[in-house]
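Novice: Below are the sequence and a predicted model; questions follow.
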Amino acid sequence: MATYAYRILPPRPDFAATIQPAEMEVMGRHFAHLQDLHGRGVIRYVGRAANGDYGFCVFDAEDDDAARAVAGSDPAVAEGLMTLELHPFMVVFDAPAR
């Protein structure tokens, strides 16, 4: 199992301030999808830059193809709203189990 990270980029710099109703619907599906993957233990971390410049997701996958499938299944990406950058990700430090 390898770790990957994907960053999704909004369609415009002021996206958070100018989001349209149809885009809000896609983002709702995006969030629900990430919640589902996290709940099933697929995704380790999800977050976004405080200024809304990008979202970030860290997850484990068997290989590059599986990682592309996870990242590409994000509705914001699959529906063409967000642009995806996928990278192998090396965890150097991790939080201890609680």
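Specialist: Yep, it's here. Numbers count the residues shown, from 1 in each chain.
Novice: Over to the residue lying closest to V77 once chain neighbours are set aside: give its phi and psi.
Specialist: If the residues on either side of it in the chain are set aside, V77 comes closest to L84, at 4.7 Å by CB to CB, 6 or more residues apart in numbering. Where C-beta positions appear, they are placed from N, C-alpha and C, glycine not excepted. Note on L84: its backbone torsions stand at phi -110, psi 140 [degrees, to the nearest 10].
Novice: Surely L84 and P10 touch.
Specialist: No - contact between L84 and P10 fails when scored by CB atoms under 8 Å: they sit 11.7 Å apart.
Novice: measure F31 to D65 for me?
Specialist: 25 Å (CB to CB, to the nearest Å).
Novice: more crowded one of those two?
Specialist: The neighbour comparison of F31 against D65 (other CB atoms under 10 Å) goes to F31, with 14 against 8.
Novice: Can you give me the distance of the more buried one to L37?
Specialist: From F31 to L37 the distance is 11 Å (CB to CB).
Novice: Could you do F89 as well?
Specialist: Taking CB to CB as the measure, F89 falls 16 Å from L37.
Novice: cool, and E23?
Specialist: Distance from E23 to L37, counting by CB to CB: 21 Å.
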